[in-house]
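J.: Return atomic coordinates for the entry below.
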Amino acid sequence: MTTTIDGVRIARRIRARVAEGVARAAGTGHVPGLATVLVGDDPASAVYVAAKRRAVREAGMRDVHRHLSRRAGHEEVAAVVDELAADPDVSGILLQLPLPEGLDAAALIDRIPAAKDVDGLTTASAGRLARGARGLRPCTPSGVVELLDAEGIELRGARVAVVGWGELVGRPLTHLLLRRGATVSVAHEFTTDLPAVTRPADIVVSATGVRGLIGPEHITPGATVIDVGIHRTADGLAGDVRAAELDGIAGRITPVPGGVGPMTIAMLLVNTLQAAEWAAHDASGTGGRGTGNAAPGTLVAEPV
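T.: Here you go, the predicted structure:
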């Protein structure tokens, strides 16, 4: 039997822990705050931001939102980011992507201080991850690692195939897994024999954006399959993995929806709380690694 990994349940547990941490922080006068910046009127982006803001409020955090016109220029958006960066009541800043055409997303994201980069997307955050230094990690890759931890899947010594080498998931996830002691193989658009990469793996993570790419020919019996892909179809949401064909083959598998998706917002809350804790500790001169309110093992890369 293939076990379905319940991302909704795991995310709910993490969000409850975050809410407890926020309450403790509020008791010391440090209420974490997340600022979301939405530029334009893309319907999907509006839905995503609304869900994040709702989660922020449910966790007891301060909800700060800026909505700019799709005609906003680079300087206007940059000024908003700079304002939020200087605001001591803002623990984290999230610039919702994609941005309207004509805006330099990379340059605007890099204006976010690493200490407030709760998406973990700035050049500085990527460097901290690669170096194993203290920093906030991208939410979806952190969520994947947290799912594996929650399922009791040992990463040290595990063979992991990461399918997809994108900046949002594949690259940071590879770093996180390597820091946890996994042996990682990466497949990308130029890989000529995908099954040769994935079949030896104990864990296969697909983050390609190619619907139905992964099937029985790619998976060894008993392997864990993590599907990061999400595609809107006439029949509902689908992933990178042909999940029905892996029933009875995979040992564990994440569903779409209900697998990795809920973890992304949960880890955004974790990052916001962690950022607030670090800021409070650094301001007090203790400078530590947080008080332990956040989820363990995913925010600070651990040396092998």
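J.: can you count the residues close to the closest residue to Ser45 other than its chain neighbours?
T.: Residue nearest to Ser45 in three dimensions, not counting chain neighbours: Gln96, with 5.1 Å by Cβ to Cβ, 6 or more residues apart in numbering. The way it works is simple: take the backbone N, C-alpha and C, and place the C-beta from them, glycine included. Under the neighbour criterion other Cβ atoms under 10 Å, Gln96 is assigned a count of 19.
J.: The closest residue to Thr254 other than its chain neighbours and Gly143: what is the separation?
T.: Nearest residue to Thr254, sequence neighbours excluded (Cβ to Cβ, 6+ apart): Ile5, at 4.8 Å. Look at Ile5 and Gly143: by Cβ to Cβ, to the nearest Å, they are 11 Å apart.
J.: For the two, work out which one has more neighbours and name it.
T.: For Ile5 versus Gly143, neighbours defined as other Cβ under 10 Å are more numerous around Gly143 (32 against 23).
J.: what's in contact with the helix or strand that contains the more buried one?
T.: For Gly143, the element it lies in under DSSP states H and E is helix 139-150. By Cβ atoms under 8 Å, 6 or more residues apart in numbering, the list of residues contacting helix 139-150 from outside reads 5, 7, 10-11, 13-14, 118-120, 155, 168-169, 172-173, 176-177, 180, 203, 205, 207, 224, 226, 228, 254, 259-260, 263-268, 270-271, 295-299.
J.: now, which of the residues you listed lie within strands?
T.: Mapping these onto strands (DSSP state E) picks out 203, 205, 224, 226.
J.: List the contacts of the spatially closest residue to the last one that is not a sequence neighbour.
T.: It stands for Ile226. Closest residue to Ile226 apart from its sequence neighbours, by Cβ to Cβ, 6+ apart: Val205 at 4.3 Å. Val205 makes contact with 144, 160-164, 173, 226, 228, according to Cβ under 8 Å, 6+ apart.
J.: Could you dump those into JSON lines with neighbour count, distance to Ser91 and pLDDT added?
T.: Output for those, formatted as JSON lines (neighbours: other Cβ atoms under 10 Å; distance: Cβ to Cβ, whole Å; pLDDT from 0 to 100):
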{"residue": "Val144", "neighbour count": "30", "distance to Ser91": "24", "pLDDT": "98"}
{"residue": "Val160", "neighbour count": "25", "distance to Ser91": "32", "pLDDT": "98"}
{"residue": "Ala161", "neighbour count": "27", "distance to Ser91": "35", "pLDDT": "98"}
{"residue": "Val162", "neighbour count": "29", "distance to Ser91": "30", "pLDDT": "98"}
{"residue": "Val163", "neighbour count": "28", "distance to Ser91": "34", "pLDDT": "98"}
{"residue": "Gly164", "neighbour count": "24", "distance to Ser91": "30", "pLDDT": "97"}
{"residue": "Leu173", "neighbour count": "29", "distance to Ser91": "24", "pLDDT": "98"}
{"residue": "Ile226", "neighbour count": "29", "distance to Ser91": "29", "pLDDT": "98"}
{"residue": "Val228", "neighbour count": "31", "distance to Ser91": "26", "pLDDT": "97"}
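J.: if we can go back for a sec, ok, the residue nearest to Thr254 touching Val260?
T.: No: Ile5 is not in contact with Val260 according to Cβ atoms under 8 Å; the separation is 9.0 Å.
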